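Chemist: No sequence on hand, only this structure:
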Ligand SMILES: Nc1ncnc2c1ncn2[C@@H]1O[C@H](COP(=O)(O)OP(=O)(O)OP(=O)(O)O)[C@@H](O)[C@H]1O
Ligand SMILES: O=c1ccn([C@@H]2O[C@H](COP(=O)(O)O)[C@@H](O)[C@H]2O)c(=O)[nH]1
Ligand SMILES: [Mg+2]
């Protein structure tokens, strides 16, 4: 049931290093096929090579908002790393207090923990199309994902937004997040520049990065995003 078959439907559009990427994906599927026994789900989508999109951008740049629209139109599974960590806090897990303290400080949770939580979500999904939102946040995160999951993203979106606009959006968000306050936002912006921008640069240099101008209305921004996914002719597209 958890087998890797040679589905190359989207690879026609892959940009570079197709061979390297396929080698990495083999490891990813080996991980799935040799893992803990899992309950049978609609397995037909599992016959496909996973399509992984990393969604990057500063705090409040609109990643989550745009991901919701991509999910609606293209049937992706949205995995927000921040949401996954917040759920871990809410579940009172052993790591909950450490994660909460890290988020309050605007710092980055240890890579292995985040990647393992993402891995669990990917493995329990029927889908093969993943939007991984707000991850990787650092080179260490990126390398841990490659090593543990054994895969690289097919494409990487980067929502490029000025700091004052991000600050304004976060302060107006009103979702009760412990990190949506002026002190933590300043720290998050610093961490973003120091640790996340090098990841953006890494994918730019590998030809995987799609930079989106994240200023404008939600619909104006989505007009830049939609064609990037439309080109892949996903079968669930509406
Ligand atoms: N284009 C836009 N114009 C104005 N406000 C926006 C726009 N896009 C999103 N927002 C609003 O800005 C806030 C932040 O958006 P969102 O949560 O999508 O950002 P994010 O990048 O996921 O942030 P974080 O990294 O903090 O999770 C939300 O209140 C959202 O409704
Ligand atoms: O990969 C990740 C993702 C998030 N964090 C921590 O969570 C907060 C909030 O993340 P959002 O993406 O803004 O929801 C972030 O500031 C980090 O503290 C993380 O450590 N690793
Ligand atoms: Mg978000």
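Modeler: Received the coordinates, thanks. What you see is a predicted model, and the numbers here were worked out from it, not measured in a lab. Numbers count the residues shown, from 1 in each chain. Ligands and ions are numbered 1, 2, ... in the order given.

Chemist: going forward, measure contacts between C-alpha atoms and count neighbours the same way
Modeler: OK.

Chemist: Please list the residues of this protein that sit near ligand 1.
Modeler: Contact residues (CA under 6 Å from any ligand atom) of the chain with ligand 1: 58-65, 169-170, 173, 215-218.

Chemist: Which ones among these lie within helices?
Modeler: The helices, defined by DSSP state H, take in 63, 64, 65, 169, 170, 218 from the residues of the chain next to ligand 1.

Chemist: gap between the first one and residue 55?
Modeler: Using CA to CA, to the nearest Å, one obtains 7 Å as the distance from residue 63 to residue 55.

Chemist: follow-up on the earlier one: ok, which pair from the ones in helices among the residues of the chain next to ligand 1 is furthest apart?
Modeler: 170 and 218 (15.0 Å; CA to CA).

Chemist: List the buried residues in stretch 141-158.
Modeler: 141-147, 149-158 (16 or more other CA atoms under 10 Å).

Chemist: That should have said stretch 226-238, apologies.
Modeler: 232, 234.

Chemist: Cross the buried residues of stretch 141-158 against strands and list the overlap.
Modeler: 155, 156, 157, 158 (DSSP state E).

Chemist: rewinding a little: only the buried subset of the residues of the chain next to ligand 1, as a PyMOL command please.
Modeler: If you want just the buried ones from these in PyMOL, going by 16+ other CA under 10 Å, the selection is:
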select buried, resi 58+59+60+61+62+63+64+169+170+215
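
Chemist: Now do the contacts for the residue lying closest to residue 77 once chain neighbours are set aside.
Modeler: Distances taken as CA to CA, 6 or more residues apart in numbering put residue 130 closest to residue 77, at 4.9 Å, once the chain neighbours are dropped. Residues near residue 130 by CA atoms under 8 Å, 6 or more residues apart in numbering: 50, 51, 52, 53, 76, 77, 78, 79, 122.

Chemist: Can you verify residue 130 is assigned to a strand?
Modeler: Yes. Per DSSP: H, G, I helix; E, B strand; the rest coil, residue 130 lies within a strand segment.

Chemist: The ones in strands among the buried residues of stretch 141-158 into JSON lines, with extra columns for pLDDT?
Modeler: Below are these laid out as JSON lines (pLDDT from 0 to 100):
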{"residue": "155", "pLDDT": "98"}
{"residue": "156", "pLDDT": "98"}
{"residue": "157", "pLDDT": "98"}
{"residue": "158", "pLDDT": "98"}
